[in-house]
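> Next come a sequence and a model predicted from it.
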Amino acid sequence: MLALQYLRENTEEAKLRISKRNPKYVETIDQVLALDEENRKAKSEMEKNQSEANAMAKKIGELMKAGNRAEADVLKAETAALKESGKALEERSKQFEQELFDVLVTLPNTPHESVPVGQTAEDNYTVFQHGEIPALQEGAVPHWDLIKQYDLIDFELGSKISGAGFPVYKGKGARLQRAMINFFLDEAVAAGFIEIQPPLLVNADSGFGTGQLPDKEGQMYHATVDDLYLIPTAEVPITNIYRDVILKEEDLPIKNVGYTPCFRREAGAWGAHVRGLNRLHQFDKVEIVQIAHPNQSYALLDEMVIHVKGLLEKLELPYRILHLCGGDMGFTSALTYDFETYSAAQGRWLEVSSTSNFESFQANRLKCRFKNKEGKNQLVHTLNGSALALPRILATLLENNQTPEGIRIPKALVPYCGFEMID
RNA sequence: GGAGAGGUGUCUGAGUGGUCGAAAGAGCAAGCCUGGAAAGUUUGUAUACGCGCAAGUGUAUCGAGGGUUCGAAUCCCUCCCUCUCCGCCA
């Protein structure tokens, strides 16, 4: 959620920036500002009324104390009108406030000035590419055939137990999952991130804090009996640790990492290109989260990019980094880099990490602030990135490393899984 | 799940209808004191929003929401959380 104060004081800048997503939002900003003005006016009237009522009550109190009952009763009668107008004014103010809020939450974050203009994935800009695209052997097959051949994952079993998109990992498939999780966690800890094990179900306040609610309500599994949501990413519980918190400036940056399963309904997303591990309802991911001083957030974003690059290089996977265009970025992000690995047998790039700076967009919802040098509370910046999401890494790894003798495990993972080949 | 107790500012803790944004102490910050520090002493010490060039001022906030009342930290209702005992249990 954009800060009202920012919109009021930097209207032109905000409009310019948000146009990169879609020029239609310029109008929304005007609408917000108009509602804000009416809201403030209504509030001001209400407060004035309240002030009068408070003064009156005080006077009655004094009269009562002095034993002047008769005069107090006269005043009491006078408060009736104030009370009535107060009720009406309050209702009106509440209405404006709700209206303002409803419009404000539909505004996405303002893109960073470096973000490319564009509407679709076609307009994303490749900023970096690394690694050889492997020339596969004759008869190379996509990962969904490999997992059957080597009995690594059973999708039918998952369907039986839960439904489509809930894979059952078996034998070396399961061990490889565990190995990757530990590898990713260890790498992040070595890079200075503190490991967190958060809850996998969160309440609605947390969903709102990171921006899943109300925007993406339908994308989360909702346990309605207890009104809890299954997390779509560790970003949600970990970032919400800092909801309603005032940090010390010297605490920043806070660096956290967490492994969690992620649950996504992916409503409407099924169709082409979702075979095998490409899209799942439940998958594993290691997520890094940072709470940062506004001055340092972009430097920290660069650090995160370097960290993710290091992971992919240790896994010996060819990858590229996309600077997402305004129209393709997530609702809450100001700048996003997507990492994609090249899955050779499918002949496709697969997104394996999304690394973003949200600036103060989430912090404003979270009310996460720090006390700055002037002693004023200031919104922090939040950042996060996948480091990394497992299924598509696994898909790429299986496809790219297949040989007639079996599937070769990258050296970095061998100490973690305890085998060099899947055969 | 059952029974009971409780949730007050950075912390401890007082406050059962009126001048309470809230006693007192601790902590923290600044001044005095000191060669410097400790001790002592004085002062200050929440957040959000509105109005104002500013000094300042208005409103709200004592777990959350609602209600009673001219007036609520204090009374009533609902919910959340914590603790103790019992039950259940990985």
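Right, received. Where do you want to start? None of these values were measured; they are calculated from a predicted model.
> Get me the contact residues on the stretch 101-250 of chain A for RNA strand B.
Selection of the stretch 101-250 of chain A residues close to RNA strand B by Cβ under 7 Å from any atom of the strand yields residue A:246. From N, CA and C alone the C-beta is placed, and that goes for glycine too.
> Show me where the stretch 101-250 of chain A has its strands.
Assigned by DSSP state E, counting those that start in this stretch, the stretch 101-250 of chain A shows strands spanning A:125-130, A:153-154, A:168-169, A:194-196, A:201-202, A:222-223, A:228-230, A:246-248.
> Let me see the contact set for the residue in the stretch 151-300 of chain A that RNA strand B sits nearest to.
Residue of the stretch 151-300 of chain A nearest RNA strand B, by Cβ to the nearest atom of the strand: residue A:246 (6.8 Å). By Cβ atoms under 8 Å, 6 or more residues apart in numbering, the contact set of residue A:246 is A:369, A:370, A:371, A:377.
> from chain A, which residue is nearest to RNA strand B?
Closest residue of chain A to RNA strand B, Cβ to the nearest atom of the strand: residue A:61 (2.9 Å).
> my guess is that residue is in a strand, correct?
No. Following the definition DSSP: H, G, I helix; E, B strand; the rest coil, residue A:61 is helix and is not counted among the residues of a strand.
> Can you report how many residues lie near it?
11 (other Cβ atoms under 10 Å).
> Ok, residue A:113 next?
The burial count for residue A:113: 11, using other Cβ under 10 Å.
> how about it, what does it touch?
Counted by Cβ under 8 Å, 6+ apart, residue A:113 has contacts residue A:17.
> mind redoing it with 10 Å?
Applying Cβ atoms under 10 Å, 6 or more residues apart in numbering, one finds that residue A:113 lies in contact with A:13, A:16, A:17, A:20, A:334, A:335.
> now do residue A:133
By Cβ under 10 Å, 6+ apart, the contact list for residue A:133 reads A:318, A:342, A:344, A:347, A:400.
> Who wins on neighbours among these?
Highest count within the contacts of residue A:133 by other Cβ under 10 Å belongs to residue A:400, 26 neighbours.
> my read: that residue touches residue A:134, true?
Yes. The pair residue A:400 and residue A:134 qualifies as a contact (Cβ atoms under 10 Å) at a distance of 5.0 Å.
> List the residues that are in contact with both of the two.
Counting by Cβ under 10 Å, 6+ apart, the common neighbours of residue A:400 and residue A:134 are A:140, A:316, A:317, A:318, A:342, A:344, A:345.
> Nearest residue to the first one in space, please, no chain neighbours.
With Cβ to Cβ, 6 or more residues apart in numbering as the measure, residue A:345 is the residue that lies nearest to residue A:140, at 5.1 Å, once sequence neighbours are left out.
> Now do that neighbour against residue A:77, distance only.
Here the criterion is Cβ to Cβ, to the nearest Å. By it, residue A:345 lies 85 Å from residue A:77.
> Looking at these two, which has the bigger crowd around it?
residue A:345 (20 against 9).
> for the more buried one, helix, strand, or coil?
State at residue A:345, reduced to three classes by three-state DSSP: coil.
> Assumed residue A:259 was part of a strand.
Yes. The assignment for residue A:259, made by three-state DSSP, places it in a strand.
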